[in-house]
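1. Dropping the sequence and predicted coords here.
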Amino acid sequence: MKRPLVVTIAWVLWLALGLVIVLGSLYQDIRLANILIAIYGGVLLLFNRQLKRGRDRRLVLSVMGGIFCLALWPLLVVVPAIVLQYLPESRLWFNAQPRRTETLESP
């Protein structure tokens, strides 16, 4: 089954947020807090990559995005991404993907 456009759009929104988190935190002074934020963004990008490949990472991304929304500007990206990945078209696509047991390192 072909990936729905709404899943691709959600993926792009999560990708943009992850890149902004990583690059924004590394652009500032190198401090432990900024390094931890960059790692958070990297983990978000990892789960986003798995989402694009059909693994149901919607809940994890929704929680990570919600935590990051303690600031207001991410709401512009996080809310549409969450909504798009739970639309009926998206749900059908994720349910059609084979269930696998895997680790974070799997491609």
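-> Great, that's in hand. Residues are numbered from 1 along each chain as shown.
2. Output the below-cut-off pLDDT ranges for this structure.
-> Counting by pLDDT under 70, the ranges of the chain that qualify are 72, 101-107.
3. Give the residue farthest from the middle of it.
-> residue 29 (25.2 Å; CA atoms, centre = their mean).
4. so that residue, which of the three states?
-> Look at residue 29: counting by DSSP: H, G, I helix; E, B strand; the rest coil, its state is coil.
5. Strands of the protein, residue ranges please.
-> Using DSSP state E, no strands are assigned anywhere in the chain.
6. so how many other residues sit close to residue 36?
-> Neighbour count for residue 36, taken as other CB atoms under 10 Å: 11. Bear in mind the C-beta positions are built from the backbone N, C-alpha and C, glycine included.
7. With the one 10 residues further on instead?
-> The burial count assigned to residue 46 is 15, neighbours taken as other CB under 10 Å.
8. Please list all residues in contact with residue 62.
-> Under the criterion of CB atoms under 8 Å, 6 or more residues apart in numbering, the neighbours of residue 62 are 82, 85.
9. ok, back up a step: angles on the backbone of the residue farthest from the centre of the chain, please.
-> Note on residue 29: backbone dihedrals following degrees, to the nearest 10 are phi -60, psi 140.
10. how close does it get to residue 80?
-> Residue 29 sits at a distance of 31 Å from residue 80 (criterion: CB to CB, to the nearest Å).
11. And residue 53, by the same measure?
-> Computed as CB to CB, the residue 53 to residue 80 distance reads 21 Å.
12. just residue 95 next, same as before
-> Computed as CB to CB, the residue 95 to residue 80 distance reads 22 Å.
13. which one of these two has more residues nearby?
-> Of the pair residue 95 and residue 80, residue 80 is the one with more neighbours under other CB under 10 Å, namely 14 against 10.
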